[in-house]
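A.B. asks: Pasted the sequence and its predicted model underneath.
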Amino acid sequence: MAIYKLIRNTIFEPKDIERLVAAYEQTLRALRLKDRDDPITQLVAEKIIAIGRLGIEDPAEISKLTLKELGWVRRSSSRAASPAHLRA
């Protein structure tokens, strides 16, 4: 998993790692990314870690901010999330 590769060389405490992994998984679900080898998972992990360093403790908030930075918006529940620049 991309996030484990990146946090392996950091000084995050176990509780911080737990919240970052939770935010990462939540973000991947929101983006409907099932393939953990997809290159975008690396970008998601990098964003999660950068936002996590700001001291935000709530995984849901970290995920929300990551999605916003990536330019993704959630459409109606029956439709997949999509990049903001591709919305009609």
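C.D. replies: Here it is on my side, so go on. Residues are numbered from 1 along each chain as shown.
A.B. asks: what's the distance between the helix ranked longest in the chain and the middle of its chain?
C.D. replies: Counting by DSSP state H, the longest helix found in the chain is helix 14-30. Going by CA atoms, centre = their mean, to the nearest Å, the spacing between the C-alpha centre of helix 14-30 and its chain's C-alpha centre is 7 Å.
A.B. asks: and that helix, which residues are buried?
C.D. replies: Going by neighbour count (16 or more other CB atoms under 10 Å), the buried part of helix 14-30 is 16-17, 19-24, 26-28, 30. To be clear about C-beta, it is placed using only N, CA and C from the backbone, and glycine gets the same treatment.
A.B. asks: ok, so of those, who is nearest Val44?
C.D. replies: Thr27 (5.4 Å; CB to CB).
A.B. asks: List the residues that contact the closest one.
C.D. replies: 44, 48, 63, 66-67 (CB atoms under 8 Å, 6 or more residues apart in numbering).
A.B. asks: And the pLDDT for the closest residue to it other than its chain neighbours?
C.D. replies: Among residues not flanking Thr27 along the chain, Ser63 sits closest, at 4.5 Å (CB to CB, 6 or more residues apart in numbering). At Ser63, the predicted lDDT confidence score is 97.
A.B. asks: Any idea how many residues pack against Ser63?
C.D. replies: By other CB atoms under 10 Å, the residues close to Ser63 number 24.
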